[in-house]
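> can you look at this prediction? I've put the sequence above it.
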Amino acid sequence: MAGFQFWKKKASQDEVAAPVESTAEQVVESPVELEAEVVSKPAEPAAKKVAVEAVELPKRSLAKGVRSLFARIKFNPENLDELEDILIQGDFGVDASLEIVTEVKQRAKMAGAQTEQELKDILVAVLVDKLERSDKDLKLDGKKFPYVFLVVGVNGVGKTTTIGKLAKWLTDGEWNVVIGAADTFRAAAVDQIATWAERASAVLVRPKTEGQDPASVAFEAVELGVKTDADIVIIDTAGRLQNKTDLMDELGKIRRVIEKQTEITEVLLVLDATTGQNGLAQAKAFAEIANVTGVVLTKLDGTARGGIVFAIQQQLGIPVKLVGVGEGINDFAFFDATEFSRGLVA
Amino acid sequence: MFGNLSDRLVETFKNLRTKGKLSPADIDATLREIRRALLEADVALDVVKAFTTSVRDRALGDEVSKALNPAQQVVQIVNEELVVILGGEQRKLSFSKQPPTVIMLAGLQGAGKTTLAGKLAKWLKDQGETPLLVAADLQRPNAVNQLQVVGERAGVSVFAPEPGNGKGDPVKVSKEGIKHAKQKLFSVVIVDTAGRLGIDEEMMTQARNIRKAVDPDEVLFVVDAMLGQDAVNVAKAFEDGVGITGVVLTKLDGDARGGAALSVASVTGRPILFSSTGEGLDAFEPFYPDRMASRILDLGDVLTLIEQTQKAFDEEESLKLAQKLANETFTLEDFMDQMQQLRKMGSLKSMLAMMPGAGQMRQQLENFDEREIDRTEAIIRSMTPMERRQPKVLNGSRRLRIARGSGMTVTDVNSLVNRFEQAAKMMKTVAKGGVPQMPGMPTGMGGGFGGVKKAKNKGKKPSSKSGNPAKRAADEVAKVTGQLPSSQSNNGAGSAFGLGD
């Protein structure tokens, strides 16, 4: 469908902008008078959001171990140590696993929980309590447009694919999406994000020269987003290992350059669910340099559980916001602690 | 810096010096610490369990009960056992008697297969082979483009008849790639395939079919060093689903401890052939089991360090320093002297690379700013001789004066003094003939001290690293300067660690 472009006018928050059909060209030539009248959009972008069905999280199966654990009717503390093992195998980490099992044991004792179902329910409850956060929603309700998302993470985690998925979801909801191809390092990275931008019907801002400074590409993307009155600008960055100071400094620079133009709405750290304890180190380092606001946990469609997000949420207070469950453009879901926990304990 | 494991074991065995012998309970306590350390290093739980069981048997024996330092002896056993698992099957790349040699790459999404393909190709080319890259990942957007760019940079040909992005049949492409290689007389074919999940039936079937089509001499399982507990599941799936002949560990320039290496080696019994240590085409080396074992245990490649520093350090200087340690008169001035000595050695970076925890520091080292030494020196020079000898007198106003005089901040001064104090403390312990000893040392060197003392720097625990990358680098310098060489001869033990001369 032809992209809709909301006509900008000096409006109060109550006025709803009337839709105007734009030309086929996504880039709208903004008349000068419009630029001068950058106004805030109606406070409810929900109107633009299509109620896209979030993909159902795949059922995680701790079932085997837990089931055998609670096969007996009587509550036996020794069995719960096996639960600790199971949690460790889900990459929760030694400490978190112990913490969870300790809590389960306590609650079980107080509640006199004995049956498999009761204990499972307690486990789910404990997990939900610890994983549930009020700030888990993707920030898509601000007043100032365009929103800016900066996507960061180590190599190979799925940043570019995630951007493709997000962009599509947004464009399906009639958002105007600009993507900044600020991975100017990796071979064919720009081509890769270009493919996703095309699939998602998003506008792509490419580097003008090979190996261009990523911060300047980010700048140009935000600039275009502002100029064309886009709804959101999503910046892809090169994968970088968190112990590489020069690369982390570069990321800091990218962030600062964007912040000179506008506020960054979300800094999403993309984390591979197969990552072990190093995930926490990743989160710490990226949080420090880039002010991460949310985690995208990818590749959850495999056998890994991504238990490290537990520690990340607990120790760093960074919420998991999205999960990736496949290579397809629709293969993602919004994180829900209850669904996640139930799936883990199914 | 000699790892949480060493520290913790020392704690566990504090009482032993009086007791003298290790009981089974003591062994179990040790094994619990080792278990924890391995789990924190992401070794899969089942592998940890099997491993600690086998270590336990050895640990109950004489070699531990008669050792001067049982804790240290147990760590040594663990280290040795790890090396056996990691390196037991060590071998070189298999070449075919009838060219072309075919190497198939397989692994999860994002493991680094395509990047590796380029490195492997370049490495082989440098050895006189004529490699051909085959673009059989027709799934991930622009994977074919990526391989083409990689091939170009490596100066090798790429066979990419299909554009990918969902178009084309990978099995067919692989087959044709081999045919093409035979026709054009390439000596090696490297088949890059799409990343796939072990539980994806369809994709695993495809992988099997690619394998059948190309009849590879090697199927290399490419594994990300940061892979966690899932390593066992993934390894099993690929071993059963495709069949692998060898393993390559990637992203070892990160600071992940790399326990997945042990998991994969244990589960598949296949050798780890190569280490990928960066994004550049040359960041590629043979896999060294001993180094990996040290990395997993966070022990560091200490022997190499000693070997190399021996050559560079003045023996006399070392003796003098040992004297100071013995007399507990190590001052900030000595600290500064040591740093200058290190700089004299030339390659501060390559030396630092051999320090314990190097995996964590490696890229920091790449960017290590030798000006950090200048800055530290500036601070020390702004101190009076008395302050350098007795840092305890450094109160607030003195620190402020020093900061101003050196153009630094008081925080910088504080940081330096802390680091120095830690180093000095460690050296005091060592000077008194105490632990921690350097694990992994040949038994001839264990325990006693000759005329020259070895210094150890416990340093900070990893979790207390500064968030400031520059500060972190500075911290590492301090750790280094606490790490002093021994001028004792090494009995050629370095060669036991698989390092060429």
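That came in fine, so what should we check first?
> just want the most central residue of chain A.
residue A:296 (3.4 Å; C-alpha atoms, centre = their mean).
> report the contact partners of that residue.
A:151, A:158, A:162, A:268, A:269, A:270, A:271, A:320, A:321, A:322, A:323, A:324 (C-beta atoms under 8 Å, 6 or more residues apart in numbering or on different chains). In this view, the C-beta of every residue, glycine as well, is placed from N, C-alpha and C.
> of these, list those near chain B.
Here is what survives when these are matched to chain B using C-beta under 8 Å from any C-beta of the partner chain: residue A:158.
> pick the one among the contacts of residue A:296 closest to chain B.
Chain B has its nearest neighbour among those in residue A:158, at 6.5 Å by C-beta to the nearest C-beta.
> give me the pLDDT for the closest residue in space to the closest one that isn't next to it in sequence.
With sequence-adjacent residues excluded and distances taken as C-beta to C-beta, 6 or more residues apart in numbering or on different chains, residue A:158 is closest to residue A:298, at 3.9 Å. Looking at residue A:298, its pLDDT stands at 92.
> and residue A:86, by the same measure?
85.
> all strands of the stretch 51-200 of chain B, in order?
B:101-107, B:131-136, B:157-159, B:188-193 (DSSP state E, counting those that start in this stretch).
> same question for chain B.
B:101-107, B:131-136, B:157-159, B:188-193, B:218-224, B:246-250, B:272-276, B:284-286 (DSSP state E).
> as TSV, those with distance to residue A:93, mean neighbour count and mean pLDDT would be great.
Shown next, in TSV, are these (distance: least, C-beta to C-beta, whole Å; neighbours: other C-beta atoms under 10 Å in any protein chain shown; pLDDT from 0 to 100):
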stretch	distance to residue A:93	mean neighbour count	mean pLDDT
strand B:101-107	24	26	98
strand B:131-136	37	30	98
strand B:157-159	42	21	98
strand B:188-193	32	29	98
strand B:218-224	18	26	98
strand B:246-250	22	25	97
strand B:272-276	25	23	95
strand B:284-286	30	16	91
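> out of these, which gets nearest to chain A?
With C-beta to the nearest C-beta as the measure, strand B:218-224 is the member of these nearest chain A (6.7 Å).
> what are the contacting residues of the closest one?
Here strand B:218-224 has contacts from A:156, A:272, A:274, B:93-94, B:101-108, B:110-113, B:116, B:211, B:231, B:234-235, B:238-239, B:242-251, B:260-261, B:264, B:268, B:270, B:273, using C-beta under 8 Å, 6+ apart.
> what lines up beside it in the sheet?
Sheet pairing of strand B:218-224 (DSSP bridges) gives strand B:101-107 (parallel), strand B:246-250 (parallel).
> quick one, it and strand B:272-276 angle?
50 degrees (axes from the mean of the first three to the mean of the last three C-alpha atoms, to 10 degrees).
> quick one, strand B:218-224 and strand B:188-193 angle?
50 degrees.
> ok so, going back, for the residue nearest to residue A:158, give me its contacts.
By C-beta under 8 Å, 6+ apart, the contact list for residue A:298 reads A:157, A:158, A:161, A:162, A:270, A:271, A:272, A:273, A:323, A:324.
> just the ones in helices from these, please.
Judged by DSSP state H, these include A:161, A:162 as members of helices.
> got JSON lines for the contacts of residue A:298, with pLDDT too?
Output for the contacts of residue A:298, formatted as JSON lines (pLDDT from 0 to 100):
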{"residue": "A:157", "pLDDT": "98"}
{"residue": "A:158", "pLDDT": "97"}
{"residue": "A:161", "pLDDT": "98"}
{"residue": "A:162", "pLDDT": "97"}
{"residue": "A:270", "pLDDT": "98"}
{"residue": "A:271", "pLDDT": "97"}
{"residue": "A:272", "pLDDT": "96"}
{"residue": "A:273", "pLDDT": "92"}
{"residue": "A:323", "pLDDT": "88"}
{"residue": "A:324", "pLDDT": "88"}
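> which among the contacts of residue A:298 gets closest to residue A:84?
When these are compared for distance to residue A:84 (C-beta to C-beta), residue A:273 wins out at 20.3 Å.
> which non-adjacent residue is nearest that closest one?
In space, and not counting its chain neighbours, residue A:273 is closest to residue A:306: 3.5 Å by C-beta to C-beta, 6+ apart.
> same question, residue B:196
Excluding its sequence neighbours, the residue lying closest to residue B:196 (C-beta to C-beta, 6+ apart) is residue B:203, at 3.7 Å.
> pretty sure that neighbour contacts residue B:197?
Yes: counting by C-beta atoms under 8 Å, residue B:197 is a contact partner of residue B:203 at 6.8 Å.
> chain center to the helix or strand harbouring residue A:85: distance?
Residue A:85 is part of helix A:77-89, with elements assigned from DSSP states H and E. Between the centre of helix A:77-89 and the centre of its host chain there is 30 Å, according to C-alpha atoms, centre = their mean, to the nearest Å.
> and the residue nearest to residue B:389 when sequence neighbours are not counted, how far is that from chain A?
The shortest distance from residue B:389 to any non-neighbouring residue, by C-beta to C-beta, 6+ apart, is to residue B:331 (4.7 Å). Applying C-beta to the nearest C-beta, to the nearest Å, the value for residue B:331 to chain A is 30 Å.
> next one: residue B:147
Using C-beta to the nearest C-beta, we find residue B:147 at a distance of 8 Å from chain A.
> enumerate every residue touching that residue.
So residue B:147 contacts B:114, B:117, B:118, B:133, B:135, B:137, B:158, B:160, B:192 (C-beta under 8 Å, 6+ apart).
> go back to those and keep what's next to chain A.
Applying C-beta under 8 Å from any C-beta to these, those adjacent to chain A are residue B:114.
> in CSV, list the contacts of residue B:147 along with distance to residue B:396.
Putting the contacts of residue B:147 into CSV (distance: C-beta to C-beta, whole Å) gives the following:
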residue, distance to residue B:396
B:114, 56
B:117, 58
B:118, 56
B:133, 63
B:135, 65
B:137, 61
B:158, 64
B:160, 67
B:192, 61
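> buried residues in the helix holding residue A:85, which are they?
Neighbour-count burial for helix A:77-89 flags A:79, A:80, A:83, A:84, A:86, A:87, A:88, A:89 (criterion: 16 or more other C-beta atoms under 10 Å in any protein chain shown).
> run a quick neighbour tally on the residue in the stretch 51-200 of chain B positioned nearest to chain A.
Of all residues in the stretch 51-200 of chain B, residue B:110 sits closest to chain A, at 2.8 Å by C-beta to the nearest C-beta. By other C-beta atoms under 10 Å in any protein chain shown, the residues close to residue B:110 number 23.
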